[in-house]
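Undergrad: I would like the atomic coordinates for the input below:
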Amino acid sequence: MNIAKIFQTPQHLRITPENLEEKLVWYAIVGTFAIYFIGGLYVLGAILPWLLLGCLCLRWWRQNPSTPLWERIRVPVGVWMWIGGMMLMQLSLIMGHLDYYLDMGQIIKSSIGWAKGWALLALFPMAGCLPIRPKLLYRAAALVCTMVFVLSPIFIAAYYVKLPEKLFISPLQVIGGPGPEFFEFRLYEIDPADNTPRWRLFTPWAPALGFVANIYFFMILREPCKKWKYLGIAGCIMMCQISKSRLALLCLPVVWILVELLSRISRPLSLMITGAIASTGGVTMPMLSEGLENFSEQFTAARKDSSRVRAALGRIAIERWQTEAPLWGHGIVESGPHMVEYMPIGSHHTWYGLLFVKGIVGFGALAIPMIYSFIDLLIKSQRSDTAKLGLTMLLVIFLYTFGENLEILAYLYWPGLIGIGMGFLERPHEERIEAITQNKTTNI
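TA: Model (predicted):
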């Protein structure tokens, strides 16, 4: 059997990048493992959005009244909401530093961190306004997850043959980042809670692998080539399993069901089902409440130590936010006490972290764009599959605000942010790009 034929794509389903923006996005995703091997994923994630911003500004500068409608750069209101929110995030950062009399050097350092973290939540949705085809994202995601499916047995075997957990730390660490784990090449890790192995692959910790798996899974569902679709889905499921992330396994079915219901909410059948559920709510609510309570207890019991630490970090963050810095927050991250293993206060939870570091202003800077995006994408998803993709990405990211700090992992899940930006556009991206391609062909 010719192995090469298995990984060949039919001619009519082949996808190649057609402009600079697509090339940047395509090679950044497809080259994930190669870039990870040199420790460059965090560096790439910090540079790429600014390059795409440059592409957007250049296209906007060059357009004129004679530019065809489908080639014009238009930034929708939803993207502007994210831009405003992240600018407000920077303002809260500066005010928090000034409140606690932190020096200018610390303000500059934290602002650089903002440019590599929170700013990405505005820059990548802006990149969704560029002529980048959604199917390019789908194929790139499928290829990465196929690589996971092929390479994961090597990482798993490394544990059983007792190879070292960590092979090396990339020299790129000198550039600076949140910690050495962002530049490590690690084959596996041992969970201190139960001394069992977990795998993080190209992410800084195992639950982050489940986060990326969820983002890619819902993209791969739209992949037109069945071969890449099934291989990609297999890779996503493997990522969720080997990461041993409870949230990853929960997120897949919850988001799937929610999106299918929400994107059809205007249809008669959906309205009838919703009405039936509402009319029987008085009878079913006690049973549902009891079921959710039991599920929550089992979810917590699955990893008691982890749940205990997360809960303690949250309590400390809320108490110190309320009593010490309710408006602008503390400005910087602080390590917690011994009872939480000296982990940063507010870590493992975006909302607690925002309240502690950036106060109620920072909390609103994320909550307002997220709420607006949900309403906007919900309405548009009734008629647009691209908006449905954006709604899906938003729900995945929202669920992960309760288990991760969004800004620190934005360099990994950024394809989902581009999907959100694409969803804001009223005209489907596929139609826009096909029009551009046809126009160029006609001119030739």
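
Undergrad: so where's the stretch 151-300 of the chain shaky on pLDDT?
TA: For the stretch 151-300 of the chain, the stretches with pLDDT under 70 are 267-300.

Undergrad: And the helices in it?
TA: Ranges of helices in the stretch 151-300 of the chain, per DSSP state H, counting those that start in this stretch, are 206-220, 226-243, 246-262, 268-279, 281-301.

Undergrad: now the strands for this protein?
TA: 166-169, 184-186, 189-191, 196-198 (DSSP state E).

Undergrad: Can you give me the neighbour number for Gly364?
TA: 17 (other CB atoms under 10 Å). For glycine as for every other residue, the C-beta is placed from the backbone atoms N, C-alpha and C.

Undergrad: same check, this time on the one 4 residues further on
TA: Using other CB under 10 Å, Ile368 is surrounded by 15 other residues.

Undergrad: Ok, the one 5 residues further on next?
TA: When counting by other CB under 10 Å, one arrives at 27 neighbours for Ser373.

Undergrad: That one and Pro76 touch, don't they?
TA: No - contact criterion CB atoms under 8 Å: Ser373 and Pro76 do not qualify, at 10.5 Å.

Undergrad: which residues are in contact with both of those two?
TA: Counting by CB atoms under 8 Å, 6 or more residues apart in numbering, the residues touching both Ser373 and Pro76 are Phe424.

Undergrad: before we move on, the earlier item: determine which stretch of the strands of the chain is the most buried.
TA: Across the strands of the chain, the average number of neighbours (mean count of other CB atoms under 10 Å) peaks for strand 184-186, which reaches a mean of 18.

Undergrad: The closest residue to Ser110 other than its chain neighbours: what's it in contact with?
TA: Of all residues not flanking Ser110 in the chain, Leu93 sits nearest, at 5.6 Å (CB to CB, 6 or more residues apart in numbering). Contacts for Leu93 were tallied using CB under 8 Å, 6+ apart; they are Ile107, Ser110, Ser111, Trp114, Gly331, Val357, Lys358, Gly362.

Undergrad: any idea of the pLDDT on Leu93?
TA: Per-residue confidence (pLDDT) for Leu93: 91.

Undergrad: can you check the one 5 residues further on too?
TA: Looking at Leu98, its pLDDT reads 88.

Undergrad: count of residues packed around it?
TA: Neighbour count of Leu98, defined by other CB under 10 Å: 12.

Undergrad: next one: the one 5 residues further on
TA: Number of residues near Asp103 (other CB under 10 Å) recorded here: 9.

Undergrad: Next up, the contacts around Leu366.
TA: Residues counted as contacts of Leu366 (CB under 8 Å, 6+ apart) are Gly85, Met89, Leu121, Thr350, Trp351, Leu354, Thr401, Leu406.

Undergrad: do Asn405 as well
TA: Listed by CB under 8 Å, 6+ apart, the contact set of Asn405 reads Gly346, Ser347, His348, His349, Thr350, Gly353.

Undergrad: still on that earlier bit, can you say which of the contacts of Leu93 are buried?
TA: Neighbour-count burial (16 or more other CB atoms under 10 Å) applied to the contacts of Leu93 gives Ile107, Ser110, Trp114, Gly331, Val357, Lys358, Gly362.

Undergrad: of those residues, closest to Cys145?
TA: Taking CB to CB as the measure, Cys145 lies nearest Trp114 of these, at 30.7 Å.

Undergrad: In this structure the closest one contacts Gln90, no?
TA: Yes - Trp114 lies in contact with Gln90 (CB under 8 Å); the separation is 5.3 Å.

Undergrad: Just the angle for the helix ranked longest in the chain relative to helix 246-262, thanks.
TA: Looking across the chain with DSSP state H, the single longest helix is helix 350-380. Taking axes from the mean of the first three to the mean of the last three CA atoms, to 10 degrees, one finds that helix 350-380 is oriented at 20 degrees with respect to helix 246-262.
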